[in-house]
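In: Just need the structure, nothing else, for what follows:
(one chain, ligands or ions: 1)
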Amino acid sequence: MVGKIYGTGSYVPPRVMDNDDLAKIVDTNDEWIRERTGIGRRHIIEEETTSYMAGQAAMKAVEMSGIDPAEIDLILLATSSSETVFPCAACEVQKAIGAVNAAGYDMNAACTGFVLAFNTAQAYISAGFCRTALVIGADSMSNLVDWTDRGTCILFGDGAGAVLLRAEEGEPVYMEAHSDGAKGAALTGLSRHRKGWTGAQEDKESYIHMDGQGVFKFAVRKVPEIIEEVLAKADMSLDEIDYFVLHQANRRIIEAVAKRLKTDISKFPMNLEEYANTSAATVPILLDEMNRKGMFRKGQKIMLSGFGAGLTWAASLFQW
Ligand code: COA
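Out: So this is what the prediction gives:
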């Protein structure tokens, strides 16, 4: 059995912050940001929370699927920015959508989180542990960035995306994942909850710190590698893939990956100009946009790939 996508959904907050708005906060400008990243705008939460956005995206995916929420057995929510440590955001989504029979938990692998959650749900389904799974990526990056650091605050946005999977007979899903904890310092988001019981440990701020060029090089090297690994497992060639749906961090990263793979950039859809990097949410938001535009046909081969803090990277190849 494999998990077929029965529904997709996404949610971004209505408040938009464009590059000119950012230029009023830090020393930057629209031209620099567009040229280096491809980003034009980002959507930023006001009153919304990560679990609220996740719930909204989930509702749309469930609605599209036509499946009764009571039939969902599993909710996996990839996030690194839940408003609560517990209850987990997946349980908040369960409550919001009335998925009374589901088990749910959060997974944190930063920007790679959704692809890992998707692969985990596929593994549950193929093992027969569940039949209907909701996989969500949701992040409120605006709560984590340092709004005085022009090197990072320009890159991120907030949002959520979801897919509803239902077990069916079908071609296997091929997947691969890696981590390199030794290089974790390249991209860190420190926790706010650091005070030990003695009070001796200092409270740290929750800002993102990043070696931008290090992360850029890592992504450009590792994403093509993992895509080739998955293709080898599937015994398929690059030109059999209809779409490469990559984590939307930076247009130049995606262009460099396409170039390394000697594959036309038109197979690499992008929406980061509008949303920036919404971390675990980028891949499912893009899947939902493509689905609602009618871009998918039954039998098409779709390659997902996520990469980010950890360092972590993952890929998944499935047939629509
Ligand atoms: N606006 C204007 N100038 C800026 C700026 C900004 N927002 N941010 C940095 N600069 C300046 C730097 O201070 C530096 O100035 P200097 O030469 O006078 O010292 C110059 O621009 C070049 O900075 P650098 O950091 O070398 O730029 P870059 O070409 O590496 O681009 C990133 C920076 C962050 C856009 C790029 O490294 C990147 O996208 N990396 C990947 C990050 C990422 O995607 N992370 C998430 C992965 S999940």
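In: Please give me every residue in contact with the residue in the chain that the ligand sits nearest to.
Out: Residue nearest to the ligand within the chain: Gly212 (2.8 Å; CB to the nearest ligand atom). Where you see a C-beta, it was placed from the backbone N, CA and C, and this is true even at glycine. With contact set as CB atoms under 8 Å, 6 or more residues apart in numbering, Gly212 has these partners: Gly151, Thr152.
In: and the stretch 201-320 of the chain, which of its residues are near the ligand?
Out: Met210, Gly212, Gln213, Val215, Phe216, Ala249, Asn250, Asn277, Gly308 (CB under 6 Å from any ligand atom).
In: Buried among the residues you listed? Need that as a selection in PyMOL.
Out: PyMOL command restricting those to the buried ones, with burial defined by 16 or more other CB atoms under 10 Å:
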select buried, resi 210+215+216+249+250+277+308
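In: Redo the residues of the stretch 201-320 of the chain next to the ligand as TSV? Include pLDDT and secondary structure.
Out: Output for these, formatted as TSV (pLDDT from 0 to 100; DSSP: H, G, I helix; E, B strand; the rest coil):
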residue	pLDDT	secondary structure
Met210	94	strand
Gly212	95	helix
Gln213	96	helix
Val215	97	helix
Phe216	97	helix
Ala249	98	coil
Asn250	97	coil
Asn277	98	strand
Gly308	98	strand
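In: Just the closest of the residues of the stretch 201-320 of the chain next to the ligand to Ala109, please.
Out: Gly308 (7.5 Å; CB to CB).
In: Next one: the closest one from Val2, what distance?
Out: Going from Gly308 to Val2 by CB to CB, to the nearest Å gives 26 Å.
In: ok, back up a step: distance of the residue of the chain closest to the ligand from Ala121?
Out: Counting by CB to CB - Gly212 and Ala121 are separated by 32 Å.
In: next one: Ala182
Out: When distance is defined by CB to CB, Ala182 is 29 Å away from Ala121.
In: neighbour count winner among the two?
Out: Between Ala182 and Ala121, Ala121 has the larger neighbour count (other CB atoms under 10 Å), namely 23 against 7.
In: any idea whether that one is helix, strand or coil?
Out: helix (DSSP: H, G, I helix; E, B strand; the rest coil).
In: so what's Ile253 up against?
Out: Shown in contact with Ile253 (CB under 8 Å, 6+ apart): Phe216, Ala219, Val220, Val223, Leu246.
In: Can you read off the pLDDT for it?
Out: Reported pLDDT at Ile253 in the predicted model: 98.
In: And Gly55, its phi and psi?
Out: For Gly55, the backbone dihedrals (degrees, to the nearest 10) come out as phi -60, psi -40.
In: hang on, it packs against Ile97?
Out: Yes: between Gly55 and Ile97 there is a contact at 6.3 Å, judged by CB atoms under 8 Å.
In: got the contact list for Gly9?
Out: Each residue near Gly9 by CB under 8 Å, 6+ apart is listed here: Gln56, Ala57, Ala58, Met59, Lys60, Ala61, Val62, Glu63, Met64, Gly161, Ala162, Asp288.
In: Please save the CA atoms from the helix or strand where the fourth one lies in PDB.
Out: When secondary structure is defined using DSSP states H and E, the element that contains Met59 is helix 50-65. What follows is helix 50-65, C-alpha atoms only, in PDB (Å, rounded to 0.1, in the frame of the first residue of the first chain):
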ATOM      1  CA  THR A  50       1.500  28.000  14.100                       C
ATOM      2  CA  SER A  51      -1.300  25.500  15.100                       C
ATOM      3  CA  TYR A  52      -4.000  27.800  13.900                       C
ATOM      4  CA  MET A  53      -2.400  28.000  10.400                       C
ATOM      5  CA  ALA A  54      -1.800  24.300  10.500                       C
ATOM      6  CA  GLY A  55      -5.500  23.700  11.300                       C
ATOM      7  CA  GLN A  56      -6.600  26.000   8.500                       C
ATOM      8  CA  ALA A  57      -4.400  24.200   5.900                       C
ATOM      9  CA  ALA A  58      -5.600  20.800   7.300                       C
ATOM     10  CA  MET A  59      -9.300  21.800   7.000                       C
ATOM     11  CA  LYS A  60      -8.800  22.700   3.300                       C
ATOM     12  CA  ALA A  61      -7.000  19.400   2.600                       C
ATOM     13  CA  VAL A  62      -9.700  17.400   4.300                       C
ATOM     14  CA  GLU A  63     -12.400  19.400   2.500                       C
ATOM     15  CA  MET A  64     -10.800  18.700  -0.900                       C
ATOM     16  CA  SER A  65     -10.500  15.000  -0.100                       C
END
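In: quick one: it to chain centroid distance?
Out: The chain centroid and the centroid of helix 50-65 are separated by 15 Å under CA atoms, centre = their mean, to the nearest Å.
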